[in-house]
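Visitor: what follows is a predicted protein model with its sequence.
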Amino acid sequence: MAIRAVVWDVDDTLFDYTTADRAGMRAHLAAEGLLDGFGAVEAAIARWREITDLQWARYAAGEVSFEGQRRDRVRVFLGRDLTDDEADAWFRRYREHYEAAWALFPDVLPVLDALAASHRHAVLSNSSVHVQEHKLRTLGVRDRFEAVLCAAELGVSKPDARAFRAACDALGLAPHQVAYVGDHPEIDGRGAAEAGLLSVWICRDTALISGDVTEGPHRISSLAELPAILRADTRFGAPSTFR
C-alpha cells in the first residue's frame, strides 16, 4: 500500500539544532563572562552537549521532568547548586542567544513543497509540544503539519513503538501507510522500522557513517532524496540501504 503521510523529527532533521545550539552557547558564554572557565569555546560547547545528552536520557527514562532536565543541565554545567528560579533564568538567557540562531536546513522547504499535494505531514519529537510548536511557528512552517506530537505529552519517547503508533493514530493511518524521517539511526531509524513505519534516516554528514551502522530500510544524505523513496516504497524484499 502506498505511503500516504510523512511524520517528521524536528531537531537536526528539519531544524539545524546543532548549529543553533553551538552558536547560541558561544554567544551566551561570552555574554556571561564564562569563556575563560572552560579554556576554549569548543571545550565549553562540547561539555554543554555532553551534559544535554545525559540529562535528556534521564528525562526520556522518566527520571526527571522536562523543566527539571533543563535546570539540571545548567547546574551540572556551572557546577553550582542553583535554585530553580536561578537555573531557569540562566537557561532563559541562553535560549535568547540560541533562538537568534534558529534556521531550517536548506533542503526542508523544497521537499515540503514537493510533497505538499501528495502526502500528509505531522511531527513526532522527543521534546514538548510547547517547545516544538513555538519553534515551528518561529521558523514559519507550523502550518505544514496536521499534528505535532511530543514525548512530554504522550508520556512515551522514541524509540518506543507506542510513540510512533500514536503519530499514526493521530493521522488515522496504519503504520505501513506512514513514513518517518529522523536523524538518529537508533531512536528514529530503528525505532520507526520496528514500529512498522517506512523508516528514513537522514545523515547529512556522511563522514559520521561507519560500516556497522544499524540495519534499516533507507538512508539518505539530503531530503531531496525523499520523494523518490516515497514513490518507490521498496520495504518488502528490497536490500537495505541502511548500512
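Guide: Done, it's in. As the structure is a prediction and not an experimental result, all values here were calculated from the model.
Visitor: show the average pLDDT along the host helix or strand of residue 227.
Guide: Under the criterion of DSSP states H and E, residue 227 resides in helix 226-232. The pLDDT scores in helix 226-232 average 93.
Visitor: could you number the chain from 46 rather than 1 from now on?
Guide: OK, 46 is where the count begins now, so the last one is helix 271-277.
Visitor: buried residues in that helix?
Guide: For helix 271-277, the neighbour count (16 or more other CB atoms under 10 Å) marks 271, 274-275 as buried. Bear in mind the C-beta positions are built from the backbone N, C-alpha and C, glycine included.
Visitor: need those in JSON lines (columns: distance to residue 158).
Guide: Shown next, in JSON lines, are the buried residues of helix 271-277 (distance: CB to CB, whole Å):
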{"residue": "271", "distance to residue 158": "12"}
{"residue": "274", "distance to residue 158": "17"}
{"residue": "275", "distance to residue 158": "14"}
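Visitor: tell me the one of these nearest residue 172?
Guide: Relative to residue 172, the closest of these is residue 271; by CB to CB it sits at 22.1 Å.
Visitor: I'd like the distance between the closest one and residue 245.
Guide: From residue 271 across to residue 245, the span is 6 Å (CB to CB, to the nearest Å).
Visitor: so residue 56 bridges to which residues?
Guide: Judged by DSSP bridges, the bridge partners of residue 56 are residue 60.
Visitor: need the pLDDT of it.
Guide: Predicted confidence (pLDDT) for residue 56: 97.
Visitor: likewise for the one 3 residues further on?
Guide: Residue 59 is assigned a pLDDT of 98 by the prediction.
Visitor: show me what contacts the nearest residue to it once chain neighbours are set aside?
Guide: Among residues not flanking residue 59 along the chain, residue 153 sits closest, at 5.2 Å (CB to CB, 6 or more residues apart in numbering). Contacts of residue 153 were listed using CB atoms under 8 Å, 6 or more residues apart in numbering, and they are 59, 186, 268.
Visitor: between those, which has the most around it?
Guide: residue 59 (30 neighbours; other CB atoms under 10 Å).
Visitor: pretty sure that residue contacts residue 148?
Guide: No. Here residue 59 lies out of contact with residue 148, judged by CB atoms under 8 Å, at a distance of 10.4 Å.
Visitor: anything in contact with each of those two?
Guide: With CB under 8 Å, 6+ apart, residue 59 and residue 148 have common neighbours residue 184.
Visitor: surely residue 218 forms part of a helix?
Guide: No. Assessed with DSSP: H, G, I helix; E, B strand; the rest coil, residue 218 is coil; it does not lie in a helix.
Visitor: can you count the residues close to it?
Guide: Using other CB under 10 Å, the number of residues around residue 218 comes to 19.
Visitor: for residue 140, same thing?
Guide: When neighbours are counted by other CB under 10 Å, residue 140 registers 14.
Visitor: likewise for residue 130?
Guide: So residue 130, with other CB under 10 Å, has 9 neighbours.
Visitor: what's the distance between it and residue 141?
Guide: To residue 141, residue 130 is 17 Å away according to CB to CB.
Visitor: follow-up on the earlier one: redo the contacts of residue 153 as CSV? Include distance to residue 202.
Guide: Shown next, in CSV, are these (distance: CB to CB, whole Å):
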residue, distance to residue 202
59, 18
186, 23
268, 24
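Visitor: how about the nearest residue to residue 209, chain neighbours excluded?
Guide: Residue 209's closest residue in space is residue 240 (CB to CB, 6+ apart), at 3.7 Å.
Visitor: where do the helices of this protein begin and end?
Guide: Along the chain, counting by DSSP state H, helices occupy 62-77, 86-105, 111-123, 129-145, 153-160, 174-183, 196-199, 206-216, 236-239, 271-277.
Visitor: which one of those helices lies nearest to residue 55?
Guide: helix 174-183 (5.5 Å).
Visitor: what residues of that closest one count as buried?
Guide: Within helix 174-183, the residues that count as buried by 16+ other CB under 10 Å are 174, 176-178, 180-181.
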